[in-house]
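1. A structural model of the following input is requested.
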Amino acid sequence: MLARVEGRDGEALGLLRSAAELDDKTGKHPVTPGAILPPRELLADVLLETGHAAEALVEYEAALSQAPNRFNSLAGGARAAEAAGKRARAAELHARLVEMAVPGAQRPEVSESRRFLAVKK
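-> Numbers count the residues shown, from 1 in each chain. Now for the predicted structure:
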């Protein structure tokens, strides 16, 4: 993340890809808690921040295959799909996020998803 903060986006993305690949290889022990911020999700976040929405969506999808209802991956995936022009996929991810949120939730991501879905109708 230091490379990202210092503006070395290419280096940051390379390091994050390596971390995500290593994380995929090592897996998770069944009695340990999951990652607080999975490397693949972090890679997707940085890809989205740096204007690579289509690549970010691929990484969010990979993160969701390992943790299907992870809030941050759903929210990021929805934003990435929207930015990549994949409105149908964005709608699916926004709908999943709203569906899993507590009724009346006021988190910005949920509000954003509700707005997207209201406009889509």
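2. where does the protein have low pLDDT?
-> Low-confidence segments of the chain, defined by pLDDT under 70: 27-35, 120-121.
3. Give me the residues contacting stretch 11-28.
-> Residues from elsewhere that reach stretch 11-28, judged by Cβ atoms under 8 Å, 6 or more residues apart in numbering: 1, 3-4, 34-35, 38-40, 42-43, 46-47, 50, 59, 62. Glycine gets a C-beta too; all of them are placed from N, C-alpha and C.
4. in it, what's buried?
-> By 16 or more other Cβ atoms under 10 Å, the buried positions in stretch 11-28 come out as 12-13, 15-17, 20, 23.
5. thinking again about what came up before, can you select the buried ones from the contacts of stretch 11-28 in PyMOL?
-> When burial is assessed using 16+ other Cβ under 10 Å, the buried subset of the contacts of stretch 11-28 is captured in PyMOL by this command:
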select buried, resi 3+4+35+38+39+40+42+43+46+47+59+62
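6. then the lengthiest helix in the chain to PDB, C-alphas only?
-> The helix that spans the most residues within the chain, counting by DSSP state H, is helix 9-26. Written as PDB, here are the backbone C-alpha positions of helix 9-26 (Å, rounded to 0.1, in the frame of the first residue of the first chain):
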ATOM      1  CA  ASP A   9       0.500   2.100  -9.000                       C
ATOM      2  CA  GLY A  10       2.200  -0.400 -11.300                       C
ATOM      3  CA  GLU A  11       4.400  -1.700  -8.500                       C
ATOM      4  CA  ALA A  12       1.500  -1.700  -6.000                       C
ATOM      5  CA  LEU A  13      -0.700  -3.700  -8.400                       C
ATOM      6  CA  GLY A  14       2.200  -6.200  -9.000                       C
ATOM      7  CA  LEU A  15       2.700  -6.700  -5.200                       C
ATOM      8  CA  LEU A  16      -1.000  -7.100  -4.600                       C
ATOM      9  CA  ARG A  17      -1.300  -9.700  -7.500                       C
ATOM     10  CA  SER A  18       1.500 -11.600  -5.900                       C
ATOM     11  CA  ALA A  19      -0.100 -11.500  -2.500                       C
ATOM     12  CA  ALA A  20      -3.500 -12.600  -3.900                       C
ATOM     13  CA  GLU A  21      -1.900 -15.500  -5.700                       C
ATOM     14  CA  LEU A  22       0.000 -16.600  -2.600                       C
ATOM     15  CA  ASP A  23      -3.200 -16.300  -0.500                       C
ATOM     16  CA  ASP A  24      -5.000 -18.500  -3.100                       C
ATOM     17  CA  LYS A  25      -2.200 -21.100  -2.800                       C
ATOM     18  CA  THR A  26      -2.100 -21.200   1.000                       C
END
